[in-house]
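>>> Provided below for reference: sequence and predicted model.
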Protein chains: 2
Amino acid sequence: MASKRDLILQAAVGMIAQSGVRGLRVEEIAAKAGASTGLIYYHFKDRAGLLRATLDYISDRADRYTAQALATAKGAAASGPGGAGASGPADRDARSELEQTLLLELQDTDEIRENSTAWGELRASAIFETDLRERLEGATAAWVAEMAERVALAQEAGQAREGVEPEDVAERLTALVEGLSERWLSGTLGLERARDLLRGAIVAELGPGAR
Amino acid sequence: MASKRDLILQAAVGMIAQSGVRGLRVEEIAAKAGASTGLIYYHFKDRAGLLRATLDYISDRADRYTAQALATAKGAAASGPGGAGASGPADRDARSELEQTLLLELQDTDEIRENSTAWGELRASAIFETDLRERLEGATAAWVAEMAERVALAQEAGQAREGVEPEDVAERLTALVEGLSERWLSGTLGLERARDLLRGAIVAELGPGAR
DNA sequence: GTCTATAGTGAGATAGAC
DNA sequence: GTCTATCTCACTATAGAC
């Protein structure tokens, strides 16, 4: 079963997603987690410590659902309707994996919306709180690297235009996802349109792809 | 001379850029503006009102420097080194105007850094504060529309690939600028790299262009 | 590890004079 | 329009029992 420490972190993510870092009340989190404020200070030392731990928690959760989505995508590619036996092994379609993974951040699931919002909040906070930066930087770099890998794979498989650095493409696409995500979350942009725009960017960056 | 009201708004932008919306202390702004807290409440009713007014102030300022930069760019294109008589009237180079305008946001000038930071902050805040949304939405839409216009002009002039919606391209490029800007400001990404990535995106979106 | 109770304070907001 | 003085209270953080 989830420890109280975990419950507190979950509650923290939820609260951040709901009212932002600035709106984060230690007492409120305690209530939501069914714990006391004392316990929060016991585990995390102070409010900033709680924030740090929450950021780590969010990265982990994002890693988990990314991995899971990729596994599902591979599964679907291999056994989905019309997919069976289409063209070989599961990793054949690096490009659609790339697309799926990026689109993942633009989805109206509770967990993902929560994660994205909290992530954006913490990213914004990191501009002013130096101790959040390292963590942020690490997580972003890992994400970019992973996407760069997919781009490179797609190029090898002839699903993407040659002559562009996978690193560059990956950095642009992930930054775009963040930009679109923030517009979506702030109500400036509809979800479907955001997703379409992202798909369009992938086409612009990688070319039309094998059709 | 600048009214106290104006001084307060200027101070607010500065403070937001320095320590974020979250770090915004009414008293601190008063001190920086050489005014009293009472006056702030007199002019803006409450903290949220101050924020709203500040957002408006930032949009105006951004409009102003964009217009100015465009004028300068046109001037430079017409009279710059080697530019004289190169190929006709000032508006000939919609594409480089587009590029210049977008790159404008990624510049280490005090005013621009301040504006970008404050803008990002307010955008992030708008996720939780509904009354900021309208203003944000309006300003963003105007920016996108203006960029879309440039894209369309570039297409007509044969400086950009046909067959893509100017609106889509503009929305992607501006969202990318926001994403890159936030990474830059949060120290995740170097300024020069951010600028290079943006230039790369323009090439990806518009094609190599006339060379 | 967990809770209750409470201390301490920072910052938003108001009243009223000039 | 502008200032000084002050009120108020919501939140962080700690102390100490279980």
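Okay, I see it. Numbering: from 1, shown residues only, chains lettered A, B, ... in the order given.

>>> contact residues of chain A facing DNA strand D?
A:24-27, A:37-38, A:41, A:45-48 (C-beta under 7 Å from any atom of the strand). (C-beta placed from N, C-alpha, C; glycine too.)

>>> how does it look with 10 Å?
Residues of chain A found near DNA strand D (C-beta under 10 Å from any atom of the strand) are A:19, A:21-30, A:36-42, A:44-51.

>>> from those, list just the buried residues.
Buried members of these, counted by 16 or more other C-beta atoms under 10 Å in any protein chain shown: A:19, A:21-22, A:24, A:26, A:28-30, A:40, A:44, A:50-51.

>>> I'd like the residues you listed laid out as CSV, including pLDDT and secondary structure.
Converted to CSV, those look like this (pLDDT from 0 to 100; DSSP: H, G, I helix; E, B strand; the rest coil):
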residue, pLDDT, secondary structure
A:Ser19, 89, helix
A:Val21, 86, coil
A:Arg22, 82, coil
A:Leu24, 92, coil
A:Val26, 97, helix
A:Glu28, 96, helix
A:Ile29, 97, helix
A:Ala30, 97, helix
A:Ile40, 98, helix
A:Phe44, 97, helix
A:Leu50, 96, helix
A:Leu51, 93, helix
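
>>> show me where chain A has strands.
Using DSSP state E, no strands are assigned anywhere in chain A.

>>> flag the helix or strand of it with the lowest per-element mean pLDDT.
helix A:47-79 (a mean of 83; mean pLDDT, DSSP states H and E).

>>> returning to that earlier point: let me know the closest of the buried ones among the residues of chain A next to DNA strand D to A:Ala204.
Checking those against A:Ala204 by C-beta to C-beta gives A:Val21 as the nearest, at 33.8 Å.

>>> that closest one: what's it in contact with?
Counting by C-beta atoms under 8 Å, 6 or more residues apart in numbering or on different chains, A:Val21 touches A:51, A:121-122, A:124-125, B:22.

>>> for the nearest residue to A:Leu189 once chain neighbours are set aside, the count of nearby residues, please.
Of all residues not flanking A:Leu189 in the chain, A:Arg183 sits nearest, at 3.9 Å (C-beta to C-beta, 6 or more residues apart in numbering or on different chains). The number of residues packed near A:Arg183 is 26, by other C-beta atoms under 10 Å in any protein chain shown.

>>> need the buried ones among the residues of chain A next to DNA strand D in TSV (columns: distance to B:Glu99).
Shown next, in TSV, are those (distance: C-beta to C-beta, whole Å):
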residue	distance to B:Glu99
A:Ser19	39
A:Val21	35
A:Arg22	36
A:Leu24	40
A:Val26	47
A:Glu28	46
A:Ile29	46
A:Ala30	51
A:Ile40	49
A:Phe44	46
A:Leu50	43
A:Leu51	38
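
>>> ok, which pair from these is furthest apart?
Taking C-beta to C-beta as the measure, those reach their widest spread between A:Ser19 and A:Phe44, a distance of 18.8 Å.

>>> hey, C-alpha coordinates of stretch A:153-162 in CSV?
Taking C-alpha atoms only, stretch A:153-162 is exported to CSV below (Å, rounded to 0.1, in the frame of the first residue of the first chain):
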residue,chain,number,x,y,z
LEU,A,153,16.1,5.5,-35.8
ALA,A,154,13.5,6.9,-38.1
GLN,A,155,16.2,8.3,-40.3
GLU,A,156,17.9,4.9,-40.5
ALA,A,157,14.6,3.3,-41.4
GLY,A,158,14.0,5.8,-44.2
GLN,A,159,11.0,7.4,-42.4
ALA,A,160,12.7,10.7,-41.9
ARG,A,161,14.6,13.2,-44.0
GLU,A,162,18.4,12.9,-43.7
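
>>> so which bits of it are buried?
The neighbour-count check on stretch A:153-162 (16+ other C-beta under 10 Å) flags A:153-155, A:159-161 as buried.

>>> is it true that A:Ser19 touches B:Glu129?
No. With contact defined as C-beta atoms under 8 Å, A:Ser19 does not reach B:Glu129; the gap is 9.7 Å.

>>> one step back: near DNA strand C, from the residues of chain A next to DNA strand D?
Filtering the residues of chain A next to DNA strand D for neighbours of DNA strand C using C-beta under 10 Å from any atom of the strand leaves A:22, A:27, A:30, A:36-42.

>>> redo the residues you listed as CSV? Include distance to B:Leu136.
As requested, those are arranged in CSV below (distance: C-beta to C-beta, whole Å):
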residue, distance to B:Leu136
A:Arg22, 17
A:Glu27, 30
A:Ala30, 33
A:Ser36, 38
A:Thr37, 34
A:Gly38, 39
A:Leu39, 38
A:Ile40, 33
A:Tyr41, 36
A:Tyr42, 40
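
>>> which of those residues lies closest to B:Leu198?
Proximity of these to B:Leu198, judged by C-beta to C-beta, is greatest for A:Arg22, which lies at 29.8 Å.

>>> out of the buried residues of stretch A:153-162, which are inside helices?
The helices in this structure, assigned by DSSP state H, contain A:153-155 from the buried residues of stretch A:153-162.

>>> how about stretch A:122-139, does it reach DNA strand C?
No. Applying C-beta under 10 Å from any atom of the strand, one finds stretch A:122-139 separated from DNA strand C by no less than 13.1 Å.
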